[in-house]
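Trainee: for reference, the sequence and a predicted model appear below.
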Amino acid sequence: MDLSAIPPTPITHLSETEAMMADSVSRFAREVVLPRVREMDEAEAMDPAVVEQLFEQGLMGFEIPEEYGGAGMNFTACIVGIEELAKVDPSVSVLVDVHNTLVNTAVLKYGSLEVKKKWLPRLATDSCGSFCLSEPVSGSDAFALSTRAIRTDYGYKINGSKMWITNAMESKLFIVFANLDPSKGYKGITAFIVEKGTDGFSIAKKEQKLGIKASSTCVLNFDDVEIPKENLLGEEGSGYKIAIGLLNEGRIGIAAQMTGLSMGAWENAARKNNCG
Ligand SMILES: Cc1cc2nc3c(=O)[nH]c(=O)nc-3n(C[C@H](O)[C@H](O)[C@H](O)COP(=O)(O)OP(=O)(O)OC[C@H]3O[C@@H](n4cnc5c(N)ncnc54)[C@H](O)[C@@H]3O)c2cc1C
């Protein structure tokens with residue numbers, strides 16, 4: 001078949017599936033999230049029932065293939081979902097964003113077959129994830145990170161701390177960037193999977209924020225955290241490439257969250273003016 005005869009879909013248009021996704025997430029946001037927004041914001045905590053519903057609706061596994069229990073959709077569908085959620089609650093939206101665009105993508109793109117088999121079904125159905133790169137003295141300059149990893153007979157041992165980690169209170173899986181060989185500079189940075197409950201791993205402090213308060217943002221400590229070899233994500237020393245690649249998608253997710261937030265604010269203001 002001569003594919004050149006088919007005009008490409010303009011990027012300003014959603015496909016039928018993406019438009020249906022936008023409608024169904026919008027309905028979910030209004031019916032399930034909206035009644036809880038104020039309470040969650042005041043409590044500075046995510047309602048676990050909302051997180052459970054996000055999994056049930058397939059919103060935590062947009063791009064995870066159906067064979068692993070995900071929705072098997074594309075990146076645009078995911079972005080549309082993030083935007084629709086943000087119109088109602090940017091906290092719920094960022095939880096879905098970080099989980100899908102950073103964590104799920106990391107496992108999909110860089111996980112070994114064993115890692116995929118173990119984690120993708122859980123990420124799609126019941127286990128939230130966090131992406132742990134930033135540190136107190138390495139934000140924009142992320143690759144100056146000082147968290148260290150060393151090889152052990154069992155696998156790797158991690159020491160250090162991370163800051164501003166989204167979803168930390170809800171997550172069961174943490175993708176952690178640490179330097180395995182500081183003599184190589186940023187080329188020593190390596191990505192690891194750390195499971196909640198691993199000895200020496202703790203959530204040290206939850207930040208009190210001015211907005212988007214229901215989304216947890218925490219300090220994490222790693223004190224001789226030993227993880228098995230299988231928890232290496234990608235190859236040793238490829239962490240900086242993995243982080244850059246993931247952040248390219250993550251930034252589009254955050255842009256969708258902010259676009260949704262402003263559209264939601266505008267729509268609310270317009271509705272109130274009409275009623276007034
Ligand atoms: C709510 C929230 C959630 C977050 N979630 C996560 C998460 O889940 N995982 C994670 O790893 N991190 C997370 N972060 C951290 C976030 O990625 C960092 O805040 C970000 O990388 C910026 O780093 P910083 O805050 O240290 O600011 P800085 O790097 O100190 O930057 C401060 C200002 O200086 C400017 N600046 C910095 N360097 C230069 C330069 N060389 N030239 C000119 N200007 C410069 C910046 O543009 C900025 O305006 C989160 C942060 C927040 C606030």
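Mentor: Perfect, I can see it now.

Trainee: which residue would be the closest one in the stretch 101-250 of the chain to the ligand?
Mentor: residue 139 (1.9 Å; C-beta to the nearest ligand atom). For glycine as for every other residue, the C-beta is placed from the backbone atoms N, C-alpha and C.

Trainee: quick one: contacts for that residue?
Mentor: Each residue near residue 139 by C-beta atoms under 8 Å, 6 or more residues apart in numbering is listed here: residue 164.

Trainee: assumed residue 60 was part of a strand.
Mentor: No: counting by DSSP: H, G, I helix; E, B strand; the rest coil, residue 60 falls outside a strand, being coil.

Trainee: return the residues in contact with it.
Mentor: 54, 96, 99, 100, 104, 123, 124, 125, 128.

Trainee: now do the buried residues in stretch 60-71.
Mentor: By 16 or more other C-beta atoms under 10 Å, the buried positions in stretch 60-71 come out as 60, 61, 62, 63, 64, 68, 69, 70, 71.

Trainee: starting at the chain centroid, how far to it?
Mentor: Here the centre of stretch 60-71 is set off from its chain's centre by 15 Å, with C-alpha atoms, centre = their mean, to the nearest Å.

Trainee: now it: mean pLDDT?
Mentor: Averaged over stretch 60-71, pLDDT sits at 96.

Trainee: what of stretch 120-130?
Mentor: What stretch 120-130 shows for mean pLDDT is 98.

Trainee: mind listing what's buried in it?
Mentor: Those would be 120, 121, 122, 123, 124, 125, 127, 128, 129, 130, for stretch 120-130 by 16+ other C-beta under 10 Å.

Trainee: can I get those residues in CSV including distance to the ligand and secondary structure?
Mentor: What follows is the buried residues of stretch 120-130, written out as CSV (distance: C-beta to the nearest ligand atom, whole Å; DSSP: H, G, I helix; E, B strand; the rest coil):
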residue, distance to the ligand, secondary structure
120, 20, helix
121, 23, helix
122, 19, helix
123, 16, helix
124, 20, helix
125, 22, helix
127, 16, coil
128, 12, strand
129, 10, strand
130, 6, strand
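
Trainee: so what's the residue nearest in space to the middle of the chain up against?
Mentor: Nearest to the geometric centre of the chain sits residue 98, at 1.7 Å (C-alpha atoms, centre = their mean). Applying C-beta under 8 Å, 6+ apart, we find residue 98 in contact with 129, 130, 131, 166, 167, 250, 253.

Trainee: 10 Å instead, please
Mentor: 82, 104, 128-131, 165-167, 171, 215, 250, 253-254, 257 (C-beta atoms under 10 Å, 6 or more residues apart in numbering).

Trainee: same thing with residue 174?
Mentor: Neighbours of residue 174 in contact, by C-beta under 10 Å, 6+ apart: 103, 129-132, 162, 165, 167-168, 192-196, 198, 201, 203, 220, 222, 225.

Trainee: quick one on the thing from earlier: ok, of the buried residues of stretch 60-71, which one's closest to residue 78?
Mentor: Using C-beta to C-beta, residue 62 comes nearest to residue 78 of the buried residues of stretch 60-71, at 3.8 Å.

Trainee: distance check, the residue lying closest to that closest one once chain neighbours are set aside against the ligand.
Mentor: Nearest residue to residue 62, sequence neighbours excluded (C-beta to C-beta, 6 or more residues apart in numbering): residue 78, at 3.8 Å. Residue 78 sits 17 Å away from the ligand, going by C-beta to the nearest ligand atom, to the nearest Å.

Trainee: surely residue 78 is in a strand?
Mentor: No: Residue 78 is assigned helix when assessed by three-state DSSP, not a strand.

Trainee: that one: neighbour count?
Mentor: 27 (other C-beta atoms under 10 Å).

Trainee: hang on, it packs against residue 21?
Mentor: Yes: at 8.7 Å, residue 78 and residue 21 qualify as touching, with contact defined as C-beta atoms under 10 Å.

Trainee: this structure: helices as residue ranges?
Mentor: With DSSP state H as the criterion, the chain has helices at 16-28, 37-43, 48-56, 75-88, 90-97, 105-110, 113-125, 239-275.

Trainee: pull the distance from the second one to the chain's centre.
Mentor: In this case it means helix 37-43. That offset, for helix 37-43, works out to 21 Å (C-alpha atoms, centre = their mean).
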